[in-house]
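*Asks:* What follows is a predicted protein model with its sequence.
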Amino acid sequence: MILFACDLDGTLIHSHKTRRDDDVCIEHYDGREQSFIARPALERLKTLAAQIQFVPVTTRSLEQYRRIFWTPDFKPQFAVVANGAIFLDGNKIIHREDLSAYAPELNRLQKKFADNPDFNICRIVDESFLFLRPRDELNPADFNFQTDLTVQRTGKKIYLFPPPLTKGNALRKLVKIFKPDKIIAAGDSEIDLPMLEVALMLSE
């Protein structure tokens, strides 16, 4: 059996800002079309998922992932959300990482930056990691954080993860669940690198 672990935003799906005429909408937000998938990609994914184990592995929160309605004839059975903190079988949570040891540091940083006018968004996601978004005119690379958490930046977004919370560790858990003969992974950002590295290592 082949396991295909795939990032979503920027890899498989894209926002309304880059939509094309034939793209298929798979998410609404605040009453408007939010995310899309290219129709050829969707058709190929349906064919692929019928033959292998396809698992989205995303940094989206549980709520954000559940906004994706996919299509009437296609919806992945399994998914990993919150960068590996939550594993889903259908709508049921089958595993949640115990990150309680990092809660004090997450709370400390959240309190520190919540009222900072440099940030439009500062929130703890699914009790798992801290998400920050600076104002548009500011550069995320200019911010330094004195913390033992892992700081990663993607575009305008800043993530502070507990060190064990990586997509690579999530993929290792998926391998234990499915015991595949072959592993494929796809992603588009630094956050996806641990998953790609694990897939490469376990496939050798």
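*Replies:* Perfect, thanks for sending it. Please read all numbers here as calculations on a predicted model, not as lab measurements. Residues are numbered from 1 along each chain as shown.

*Asks:* Domain map for this structure?
*Replies:* If you go by automatic domain parsing, the domain ranges for the chain are 2-97+181-203, 100-161.

*Asks:* which of those is buried the deepest?
*Replies:* domain 2-97+181-203 (a mean of 17; mean count of other Cβ atoms under 10 Å). (Glycine included, C-beta is placed from N, CA and C.)

*Asks:* Give me the distance between the two termini of that one.
*Replies:* Counting by Cα to Cα, to the nearest Å, you get 11 Å between the two ends of domain 2-97+181-203.

*Asks:* Next: stretch 177-185.
*Replies:* Using Cα to Cα, one end of stretch 177-185 lies 16 Å from the other.

*Asks:* quick one: the helices in the chain?
*Replies:* For the chain, the helices defined by DSSP state H occupy 39-49, 62-66, 103-114, 167-178, 193-203.

*Asks:* could those helices go into a markdown table alongside distance to His16?
*Replies:* Listed next are the helices of the chain as a markdown table, based on distance: least, Cβ to Cβ, whole Å:
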| stretch | distance to His16 |
| --- | --- |
| helix 39-49 | 16 |
| helix 62-66 | 15 |
| helix 103-114 | 28 |
| helix 167-178 | 25 |
| helix 193-203 | 26 |
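
*Asks:* Now that we have those, can you turn them into a markdown table and tack on mean pLDDT?
*Replies:* Shown next, in a markdown table, are the helices of the chain (pLDDT from 0 to 100):
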| stretch | mean pLDDT |
| --- | --- |
| helix 39-49 | 95 |
| helix 62-66 | 97 |
| helix 103-114 | 96 |
| helix 167-178 | 97 |
| helix 193-203 | 94 |
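
*Asks:* Which of those sits closest to Gly84?
*Replies:* Of all the helices of the chain, it is helix 167-178 that lies closest to Gly84, at 3.2 Å by Cβ to Cβ.

*Asks:* contacting residues around that closest one?
*Replies:* Contacts to helix 167-178, defined as Cβ atoms under 8 Å, 6 or more residues apart in numbering, come from residues 1, 3, 5, 7, 53, 55, 57, 59, 80, 83-84, 87, 95, 183, 185, 187, 191-195, 197-199, 202.

*Asks:* let's go with 10 Å and repeat that
*Replies:* Defining contact as Cβ atoms under 10 Å, 6 or more residues apart in numbering, one finds that helix 167-178 is touched by 1-3, 5, 7, 53, 55, 57-59, 78, 80-87, 89, 94-95, 97, 163, 166, 180, 183, 185, 187, 191-199, 201-202.

*Asks:* ok so, going back, could the domains of the chain be laid out in JSON lines, adding distance to Leu174?
*Replies:* Shown next, in JSON lines, are these (distance: least, Cβ to Cβ, whole Å):
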{"stretch": "domain 2-97+181-203", "distance to Leu174": "6"}
{"stretch": "domain 100-161", "distance to Leu174": "17"}
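
*Asks:* Inside strands: which ones of the contacts of helix 167-178?
*Replies:* Secondary structure defined by DSSP state E assigns 2-3, 5, 53, 55, 78, 80-81, 86-87, 89, 94-95, 183, 185 of those to strands.
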